[in-house]
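Undergrad: Predicted coordinates and the sequence they were generated for:
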Amino acid sequence: MKMNISKEKKVRVRFAPSPTGYLHVGGLRTALYNYLFARKHDGMFILRIEDTDRSRYVEGAIENLIATLQWAGLDYDEGPIKGGNYGPYIQSERLDIYWQHAEQLLRAEKAYRCFCTSERLDEMRKSLEKIKASPKYDRACLKLSQSEISDKLKAGEPNVIRMKIPDSRLIKFNDLIRGNVEISSDILDDQVLIKSDGYPTYHFANVVDDYLMEVTHIIRGEEWLSSVPKHILLYEYFDWKVPELAHLPLLLNPDKSKLSKRQGDVAVEDFRTKGYLKDALINFVAFLGWNPGTEQEIFSLQELVEQFSLESVNKAGAVFNIDKLKWLNFEYLRGKSDTEVLQMLKEELSKSKYYQTQFDDKYLLGVIEAMRPRVNFVKDFIENCPYFFEPPIHYDVDVIKKRWKEDTPQQLKMLVEEFTKLENPNKADYEAALHKSAQRLNIGNGKLIHAVRLAISGTGCGPGLYDILFLLGKEENLKRIRTAIDEIKPIM
RNA sequence: GCCCCUAUCGUCUAGAGGCCUAGGACACGAGCUUUUCAAGCUUGGAACACGGGUUCGAAUCCCGUUGGGGGCACCA
């Protein structure tokens, strides 16, 4: 009787980016799903750097990647810098390991040396394309004799190591998201395992590392789905167990092509600098291809951990819909306390052109209170209402046309008189003074309200007028109104 | 060209044969509120790609078509 006593193995997953410059939002989602899965199952989340393409290496990319992951709150358990029992976690530091395994395959005749030049390969593919055949390697070097090989090796001829792909094998596997998939080995090329520069290809390094690092679940993008058969064959050649597989749906541009830089921001850093909150980005990206099946939209990272399951990940690609991200950012910003927003605003101010100006906390808190429903981003506090930080530089032409008439300056002079009489006015005092002026002028309140708004803010929109007046303070108000009276000329 | 994956409102999605007159969110329209702009509240329009089966019954299962995406490198 077969006993099923094998204890459930501890979950180990990895995020394995290549350091080509920045973290792509698609990468962020892959990392997130791995992270959620690991945390949910009390497993380990590994960061592995796949830097086997030396031509694409970008200086500082690894540090950048780690910093971005950290910003997003996706801390890893094992990986570069942090270390772990399965290191090194940077593939370029594991070359001897790959070679050891490549030689093992060579000895077992599961792989062979190939001396073909890239020129020959190009030509071969072109001619195959002409007759509309699959552009597969013709295995010319498989026919090389042992002595031919050693001669070429001795002569120092550049070469690669290719894996042998068996003929007509139907390779079946189960994907946690996609179910059963079958692919014939006939369409597979004799994949290069070790490149002529001695570095492994993705396919080889990936399989070797996932085994050695005891990865239990491979969670990655759908672009890898069609190379799974190659990997399965490699696992077979080594007599290793294939990890569980989960291929995530792709993130798409609005035109449904694979999400790309051309059509907008894709780097996590871009979103960060644009002022998106990490919680909003994480929440948003989590919902691209997954949702809990309830009507809840706002999820903390912890809630995501609790709710997440690979089984409920969608199969079809998801369009990256920036509008919803903005809305989420608004929601998250609204969820922050005044003191939290104050800190963020102060930081933003220190980076703005007002970095030399001192604003006291009480004042800024007032601005925050007034502007909260009107901003999606912290920097909107500055960009949408610069009049809280400096007098209007110019006055909105459309508003002048609509709200500033011939008799407006005269009317405002009356208002200035009323305002001047006020002592330590609060909002209601301003309101009362304005009403009184309007009454004495025998005009509607609106006339004055709109004109004053223009005079003190330069625009026609924003928080309630009395809120602005109160925040700015009497002296500033009077100064601005007087300036406006002198400067604004009605437009007919 | 070949192979693989995929298909519900414009977008993200709920839906595991009867709970579907297809639900929610974003976006959009209207109204309320209002000194403006927002926010908020109310409300409206908006989808099961198509064709065959299976079944008493199909958005849900099967087959095909069409559309979309991905892959086919000494890139990952």
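TA: Good, I have the coordinates.
Undergrad: who are the neighbours in contact with residue A:129?
TA: Counting by CB atoms under 8 Å, 6 or more residues apart in numbering, residue A:129 touches residue A:135. All C-beta atoms are positioned from the backbone trio N, CA, C, and that covers glycine.
Undergrad: where's it relative to residue A:227, distance?
TA: 21 Å (CB to CB, to the nearest Å).
Undergrad: Then residue A:488?
TA: Taking CB to CB, one finds residue A:488 at 67 Å from residue A:227.
Undergrad: who has more neighbours, the two?
TA: Taking neighbours as other CB atoms under 10 Å, residue A:488 and residue A:227 compare with residue A:488 leading, 21 against 15.
Undergrad: so that one makes contact with residue A:403?
TA: No. Counting by CB atoms under 8 Å, residue A:488 stays clear of residue A:403, with 9.7 Å between them.
Undergrad: joint contacts of the two?
TA: residue A:454.
Undergrad: ranges for the strands of chain A?
TA: In chain A, the segments counted as strands under DSSP state E are A:12-15, A:44-47, A:111-114, A:160-163, A:170-175, A:179-184, A:192-194, A:217-221, A:244-248, A:251-252, A:318-319.
Undergrad: right, so the ones you listed: which one is the most enclosed?
TA: When these are scored by mean count of other CB atoms under 10 Å, the highest mean neighbour count falls to strand A:12-15 (a mean of 26).
Undergrad: pLDDT of that one, averaged?
TA: Averaged over strand A:12-15, pLDDT sits at 98.
Undergrad: Show me what that strand is packed against.
TA: If contacts are counted by 3 or more CB pairs under 8 Å, 6 or more residues apart in numbering; DSSP states H and E, strand A:12-15 sits against helix A:25-40, strand A:44-47, strand A:217-221.
Undergrad: So for RNA strand B, which of the ones you listed sits nearest?
TA: strand A:217-221 (7.8 Å; CB to the nearest atom of the strand).
Undergrad: Distance from the chain centre to the closest one, please.
TA: 18 Å (CA atoms, centre = their mean, to the nearest Å).
Undergrad: is any part of the lowest-mean-pLDDT helix or strand in chain A close to RNA strand B?
TA: The least trusted helix or strand in chain A, going by mean pLDDT, DSSP states H and E, turns out to be helix A:118-130, with a mean of 85. Yes. For helix A:118-130, a contact with RNA strand B is found by CB under 7 Å from any atom of the strand, at A:118, A:121, A:125.
Undergrad: List just the nearest of these to RNA strand B.
TA: Closest to RNA strand B, out of all of the residues of helix A:118-130 next to RNA strand B and judged by CB to the nearest atom of the strand, is residue A:118, at 4.8 Å.
Undergrad: can you count the residues close to that closest one?
TA: 10.
Undergrad: And residue A:155, by the same measure?
TA: 8.
Undergrad: if I look at it, how far off is residue A:322?
TA: 57 Å.
Undergrad: just for chain A, where's the confidence low?
TA: Chain A contains residues with pLDDT under 70 at A:1-8.
Undergrad: how close does the residue of it most remote from its centre sit to RNA strand B?
TA: Ranking residues of chain A by C-alpha distance from their mean position (CA atoms, centre = their mean) puts residue A:440 at the top, at 58.5 Å. Distance, residue A:440 to RNA strand B, by CB to the nearest atom of the strand, to the nearest Å: 18 Å.
Undergrad: from what I can see that residue touches residue A:414, true?
TA: Yes. If you go by CB under 8 Å, residue A:440 and residue A:414 touch, sitting 6.5 Å apart.
Undergrad: Which neighbours do the two have in common?
TA: Joint contacts of residue A:440 and residue A:414 (CB under 8 Å, 6+ apart) do not exist.
Undergrad: where's the nearest residue in space to residue A:371 that is not next to it in sequence relative to residue A:284, distance?
TA: Nearest residue to residue A:371 in three dimensions, chain neighbours excluded: residue A:381, at 5.5 Å (CB to CB, 6 or more residues apart in numbering). Applying CB to CB, the value for residue A:381 to residue A:284 is 22 Å.
Undergrad: more neighbours, those two?
TA: Ranked by neighbour count (other CB under 10 Å), residue A:381 and residue A:284 place residue A:381 first, with 26 against 23.
Undergrad: before we move on, back to that, minimum distance to residue A:352: which of the strands of chain A has it?
TA: strand A:251-252 (32.3 Å; CB to CB).
Undergrad: Around RNA strand B, pick out the residues from the stretch 251-400 of chain A.
TA: Checking the stretch 251-400 of chain A against RNA strand B by CB under 7 Å from any atom of the strand, the hits are A:252, A:254-258, A:287-291, A:293, A:295, A:297, A:311-312, A:314-319, A:321, A:323-324, A:326-327, A:373-374.
Undergrad: Can you list which of the residues you listed are found in helices?
TA: Among those, the ones falling in helices (DSSP state H) are A:323-324, A:326-327.
Undergrad: and those, which are buried?
TA: residue A:326 (16 or more other CB atoms under 10 Å).
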